[in-house]
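Enquirer: Got a predicted structure plus its sequence, pasted below:
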Amino acid sequence: MSTLFTKIINREIPAEILYESDSVISIIDIMPIHYGHALIIPKKEYKNFLEVPPSELGELMMVTQKIAKALVTAFNLEGFNFFANNGEIAGQSIFHFHIHVTPRYKDDGISFHRNLKKYDDPQKMKEVADKIRANIS
């Protein structure tokens, strides 16, 4: 089943295209956090970051950097965010992997609410790290 992004890639629906190569496209987000909010999308459909082949990650990141630099210059930005939501619980609404790059401004009212935790016991941190290390392939 084609995603909204595949329909854009196939020119079935319109979009403001910022950049395009054989395997990556960047467009303006139709529902931006701030004007200029851009998306970087692999042309092949991958449900999330974990499905993107490592061989394709390099170009995705290079295009993300290219778009971020363009935003910084175009809007004289002091900062920006880039992120990807993976899974419904993380806020993903289109299940075709994509990276967001959005301008940030002083006092723009946007925040990523954090509920920071603390390892009170160094052994607990080691246990968590050991669990992760055991699953790195």
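Expert: Now that the structure is in, tell me what you want to look at. Numbers count the residues shown, from 1 in each chain.
Enquirer: where does this protein have low pLDDT?
Expert: Low-confidence segments of the chain (pLDDT under 70): 1.
Enquirer: so where do the strands sit in it?
Expert: For the chain, the strands defined by DSSP state E cover 17-20, 24-28, 38-42, 79-83, 99-104.
Enquirer: can I get the ones you listed in TSV with mean neighbour count and distance to Lys124?
Expert: (C-beta placed from N, C-alpha, C; glycine too.) What follows is the strands of the chain, written out as TSV (neighbours: other C-beta atoms under 10 Å; distance: least, C-beta to C-beta, whole Å):
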stretch	mean neighbour count	distance to Lys124
strand 17-20	15	44
strand 24-28	20	41
strand 38-42	25	37
strand 79-83	15	28
strand 99-104	21	33
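Enquirer: mind listing what Glu59 touches?
Expert: With contacts defined as C-beta atoms under 8 Å, 6 or more residues apart in numbering, Glu59 is in contact with 21, 23-24.
Enquirer: For my notes, please list the residues you listed in JSON lines and give distance to Ile9 for each entry.
Expert: Putting the contacts of Glu59 into JSON lines (distance: C-beta to C-beta, whole Å) gives the following:
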{"residue": "Ser21", "distance to Ile9": "12"}
{"residue": "Ser23", "distance to Ile9": "10"}
{"residue": "Val24", "distance to Ile9": "10"}
